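Trainee: give the three-dimensional model of this entry:
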Amino acid sequence: MTIEAGVVVNLRGEPIYWHLPEDRTGGSLPDSRKLWDVLWDNRDNLLGFAHSHPGSGMPGPSWTDVTTFHAVEQALDRRLEWWVTSSNRIIVARWSGPGKYDYQSFVVQDEPGWLVELRAHSLMLARSAETDPITRQDENKESTS
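Mentor: From the prediction side, this is the model:
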């Protein structure tokens, strides 16, 4: 069984807090006072927050994620990077405006160093290219281009 996990990342791209609340599940990652304290206390040194979505394939932020992104950015008075990972893909969401919930997702090509540990905290096992049909499709596209 996989469960959601999160990590706060500083401007150097380093994890500064692993968000692993006891009541997290495969479908939710509850916030906490501790998480907010870390975000607030490090607000001048934050790059963003990453969290996992169980399963494989291309992840994307949920509506709850997007409304949380907006609320946190409004409270901190700054924009952040918001990564969402599955067991084999990762995206980053950024506010694109003009609406308050207008976030655009971008595929991350170079996986950050903290990603393996985040997936481990989610109890995800990375799938190899040989068993991952999405990776095989991507490789086939590259070879025919």
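Trainee: the strands in the protein, which residues?
Mentor: Applying DSSP state E to the chain gives strands spanning 6-10, 15-19, 46-52, 81-85, 90-95, 103-107.
Trainee: of all those, which one comes closest to Val38?
Mentor: The closest of these to Val38 is strand 15-19. By CB to CB, the value is 4.3 Å. Just so you know, the C-beta spots here come from the backbone N, C-alpha and C atoms, and that holds for glycine as well.
Trainee: show me what that closest one is packed against.
Mentor: In this structure, strand 15-19 packs against strand 6-10, helix 33-41, helix 115-121, with contacts taken as 3 or more CB pairs under 8 Å, 6 or more residues apart in numbering; DSSP states H and E.
Trainee: mind doing that once more with 10 Å?
Mentor: When contacts are defined as 3 or more CB pairs under 10 Å, 6 or more residues apart in numbering; DSSP states H and E, strand 15-19 packs onto strand 6-10, helix 33-41, strand 46-52, helix 115-121.
Trainee: first-to-last residue distance for stretch 91-99?
Mentor: 21 Å (CA to CA, to the nearest Å).
Trainee: next one: that stretch to chain centre, how far?
Mentor: Put simply, stretch 91-99 sits 14 Å off its chain's centre (CA atoms, centre = their mean, to the nearest Å).
Trainee: now do stretch 106-115
Mentor: Distance of stretch 106-115 from its chain centroid, counting by CA atoms, centre = their mean, is 9 Å.
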